[in-house]
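[1] below is the sequence, then the predicted model.
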Amino acid sequence: MILSAVPSGGTFRDPAGSLYFDEAKVLRHVRPAFVAEAESFLDSALARKWMQSGRMVSTVIAARESDGSLLLEHERIDYPTYPWEWTPGQWAAAGELTLDLCEESLAAGLILKDATPLNVLFRNADPVFVDVLSFDKRKPGNPIWLAYGQFVRTFLLPLAANRYLGWPLAASIERRDGYEPSDLYPYLPLFRRWTAPMRSLVTLPHLLERKANASASTGVPAVRQQPPEIATAVLHSTLKRLRRTLRALTPPPRTSRWSHYTTTASHYSAEDHARKAAFVERALSQAAPQRVLDVGSNTGHYSRIATAAGARVVAWDTDVQAADANWREARAKHEPILPLIANIARPTPAVGWQNAESLSLLQRSEGAFDGIMMLGVIHHMLLIDQIPLPAIFDLVRRLTTRWAIIEWVPAADSQFLQLCRGRQDIYGHLDENAFLGAADQHFVRRLVENLPNGRSLWLFETR
């Protein structure tokens with residue numbers, strides 16, 4: 001099999017192997033020097049347990065190549081995501097899974113050699129570890145977890161910056177190897193620098209780093225070997241301490257302007273809410289989509305109506321607290337919903353080497369859904385992002401292979417007027433006829449519901 005040097009949406013940095021996509025398959029090429037270790041791990045009771053439980057991606061040997069390399073085939077996770085699209089709760093859950101697997105591997109004589117959020121995807125609301133080449137045989141007397149620093153840089157410091165400095169987790173898109181303590185230190189108030197957990201996480205490492213730089217020390221000191229039982233106890237203690245810090249940095253559920261929007265929106269009466277929900281149920285019953293994209297999902301009220309109709313849902317929202325609440329409920333109830341921080345008007349770009357390592361939001365989404373819901377979204381795209389109606393429907397058609405449930409908000413609506421900000425003369429011409437004219441270029445009208453508040457709900461089917 002011929003594999004490209006830079007796999008689209010895959011990885012190529014790991015010395016042990018590279019990840020590739022071949023049509024509907026996810027393949028990993030393992031270089032000859034690492035084949036024996038990979039086979040040993042995949043054949044272990046530990047790996048089989050993790051795969052059966054769903055905590056590690058299912059993997060089988062697809063082929064043994066003539067040059068001695070190995071080709072693995074992984075279970076395909078329906079909708080790949082990246083850490084910069086996760087909520088704080090998802091970030092912490094990925095960290096907990098990483099620590100869990102590392103700790104469980106110790107008893108099997110193994111250890112996790114790298115610890116980055118990029119090794120984790122989400123299957124619905126649950127984290128899944130996907131890098132099966134990340135486990136090495138452990139030297140019994142070594143008490144040091146070599147991936148400790150990477151876990152701190154890529155899991156803990158981004159959460160710390162988010163919680164105490166307000167830096168968005170999405171900024172990690174520019175930080176493949178995370179933050180250094182010196183990145184945070186200058187911005188922390190004095191009292192915070194010397195308060196746990198920032199004292200040990202940021203301040204002391206920053207000061208020690210400055211001292212080390214001043215002394216211009218070189219070389220890496222040899223690790224002093226310990227009796228195996230002591231080394232193992234030290235590793236367990238290290239992981240326990242990291243787990244405490246991770247939980248201390250995970251922000252508690254919070255409210256925001258939008259996190260109670262579905263139940264408190266003043267421009268909806270009880271009748272409006274009931275009729276809107278009833279229409280969405282009726283439309284989903286008629287359309288019966290299997291994969292739904294809920295754009296502007298908020299806390300997931302309508303996503304759950306879609307799952308009740310038998311669909312799996314990917315839920316996009318720009319409000320971190322609303323999306324986090326959606327994720328927490330989905331995980332607690334084991335619902336087939338994957339909430340993400342995503343903006344349809346400013347979608348996540350492709351990043352990485354040659355823009356080929358991490359696919360853009362739209363690359364992962366086009367044609368991946370047979371239904372899309374956009375409820376109370378289009379007027380934001382029109383007025384805040386200034387995207388014309390024809391362009392909106394061009395994108396909607398690319399995102400769904402068949403069905404679309406869309407809410408139209410008229411120019412007289414209080415929310416439309418609020419977003420207009422005095423620009424009614426510019427946008428007042430945007431009426432339902434313009435909306436339907438743009439929709440008709442790609443869709444056929446199947447159902448409509450006119451709400452008492454003047455809004456209308458539509459079920460469209462692709463032409």
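    Here it is on my side, so go on.
[2] could you list the low-confidence segments of the stretch 251-400 of the chain?
    256-267 (pLDDT under 70).
[3] can you show me the strands along it?
    Residue ranges of the strands in the stretch 251-400 of the chain, as given by DSSP state E, counting those that start in this stretch, are 291-295, 312-317, 337-341, 369-374, 400-408.
[4] longest helix in the chain, by number of residues?
    helix 228-249 (DSSP state H).
[5] so for that helix, what gets flagged as buried?
    By neighbour count on 16 or more other Cβ atoms under 10 Å, the buried set for helix 228-249 is Ala231, Thr232, Leu235, Thr238, Leu239, Leu242, Thr245, Leu246, Leu249. In short, each C-beta sits where N, CA and C put it, glycine included.
[6] export these to a markdown table and tack on pLDDT?
    Below are the buried residues of helix 228-249 laid out as a markdown table (pLDDT from 0 to 100):
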| residue | pLDDT |
| --- | --- |
| Ala231 | 95 |
| Thr232 | 96 |
| Leu235 | 97 |
| Thr238 | 97 |
| Leu239 | 98 |
| Leu242 | 98 |
| Thr245 | 97 |
| Leu246 | 98 |
| Leu249 | 96 |
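[7] pick the one among those residues closest to Ala330.
    Distance to Ala330 across the buried residues of helix 228-249 (Cβ to Cβ) is lowest for Leu246, with 20.8 Å.
[8] tell me who's in contact with that closest one.
    Ala92, Gly95, Glu96, Leu99, Phe155, Leu156, Leu159 (Cβ atoms under 8 Å, 6 or more residues apart in numbering).
[9] at 10 Å what do you get?
    For Leu246, the contacting residues are Trp91, Ala92, Ala93, Gly95, Glu96, Thr98, Leu99, Phe151, Phe155, Leu156, Leu159, Pro197, by Cβ atoms under 10 Å, 6 or more residues apart in numbering.
[10] identify, from those, the entry nearest to Thr348.
    When these are compared against Thr348 (criterion: Cβ to Cβ), the nearest one is Trp91, at 15.6 Å.
[11] what is the burial count for the closest one?
    Neighbour count for Trp91, taken as other Cβ atoms under 10 Å: 27.
[12] I'd say it and Ala161 touch.
    No - the pair Trp91 / Ala161 is not scored as a contact, 11.6 Å apart, by Cβ atoms under 10 Å.
[13] pull up the overlap in contacts between these two.
    With Cβ under 10 Å, 6+ apart, Trp91 and Ala161 have common neighbours Leu169, Ser172, Leu249.
[14] distance of the first one from Phe155?
    Spelled out, that is Leu169. With the distance defined as Cβ to Cβ, to the nearest Å, Leu169 ends up 11 Å from Phe155.
[15] if you count surrounding residues, which of those two has more?
    Comparing Leu169 with Phe155 by other Cβ under 10 Å, the one with more neighbours is Phe155, at 27 against 21.
[16] report pLDDT for the nearest residue to that one once chain neighbours are set aside.
    In space, and not counting its chain neighbours, Phe155 is closest to Gly95: 4.3 Å by Cβ to Cβ, 6 or more residues apart in numbering. On pLDDT, Gly95 comes in at 98.
[17] Ile173 now?
    Ile173 carries a pLDDT value of 94.
[18] list the contacts for it?
    Ile173 neighbours (Cβ under 10 Å, 6+ apart): Tyr82, Pro83, Trp84, Glu85, Thr348, Pro349, Val351, Gly352, Ser358.
[19] helix, strand, or coil at it?
    Judged by DSSP: H, G, I helix; E, B strand; the rest coil, the three-state class of Ile173 is helix.
[20] and the gap between it and Leu118?
    Applying Cβ to Cβ to Ile173 and Leu118 gives a distance of 11 Å.
[21] anything in contact with each of the two?
    Tyr82, Pro83, Gly352, Ser358.
[22] got the residues you listed as CSV, with distance to Ser134 and neighbour count columns?
    Putting the shared contacts of Ile173 and Leu118 into CSV (distance: Cβ to Cβ, whole Å; neighbours: other Cβ atoms under 10 Å) gives the following:
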residue, distance to Ser134, neighbour count
Tyr82, 17, 22
Pro83, 16, 22
Gly352, 19, 18
Ser358, 18, 24
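[23] what's the closest of these to Arg192?
    Pro83 (24.1 Å).
[24] correct me, but the closest one touches Thr98?
    No - assessed by Cβ under 10 Å, Pro83 is found out of contact with Thr98, at 11.8 Å.
[25] spit out the residues that contact those two alike.
    With Cβ under 10 Å, 6+ apart, Pro83 and Thr98 have common neighbours Thr116, Pro117, Val120, Thr154, Phe155.
[26] helix/strand/coil for Cys102?
    helix.
[27] tell me how many other residues crowd the closest residue to it other than its chain neighbours.
    Among residues not flanking Cys102 along the chain, Leu112 sits closest, at 4.0 Å (Cβ to Cβ, 6+ apart). Neighbourhood size, Leu112 [other Cβ under 10 Å]: 26.
[28] quick check: beta-bridge partners of Leu112?
    With DSSP bridges as the criterion, Leu112 is bridged to Phe135.
[29] now for it: which residues touch it?
    98-99, 101-106, 119, 129, 131, 134-136, 138, 145-147, 150-151, 239.
[30] repeat that for Pro117.
    By Cβ under 10 Å, 6+ apart, Pro117 lies in contact with 82-84, 86, 90-91, 94-95, 98, 127, 151, 154-155, 158, 169, 172, 178.
[31] for the spatially closest residue to it that is not a sequence neighbour, give its distance to Gly296.
    Nearest residue to Pro117, sequence neighbours excluded (Cβ to Cβ, 6+ apart): Pro83, at 3.9 Å. Distance, Pro83 to Gly296, using Cβ to Cβ: 22 Å.
[32] now Ala287: how far from Leu451?
    Distance from Ala287 to Leu451, by Cβ to Cβ: 20 Å.
[33] which one's more surrounded, those two?
    Ala287 (22 against 18).
[34] which residue lies nearest the spatial centre of this protein?
    Taking Cα atoms, centre = their mean as the criterion, Trp86 is the residue nearest the geometric centre of the chain, at 3.8 Å.
[35] that one reaches Leu118, doesn't it?
    No - counting by Cβ under 10 Å, Trp86 does not reach Leu118; the two are 11.4 Å apart.
[36] is it true that Glu449 lies in a helix?
    No - the assignment for Glu449, made by three-state DSSP, is strand rather than a helix.
[37] wait, what's in contact with the nearest residue to it once chain neighbours are set aside?
    Leaving aside its chain neighbours, Glu449 sits nearest to Phe279 (4.0 Å; criterion: Cβ to Cβ, 6+ apart). Neighbour list for Phe279: Leu375, Ile405, Glu407, Leu447, Val448, Glu449, Asn450, Leu451, Ser456, Leu457, Trp458, Leu459 [criterion: Cβ under 10 Å, 6+ apart].
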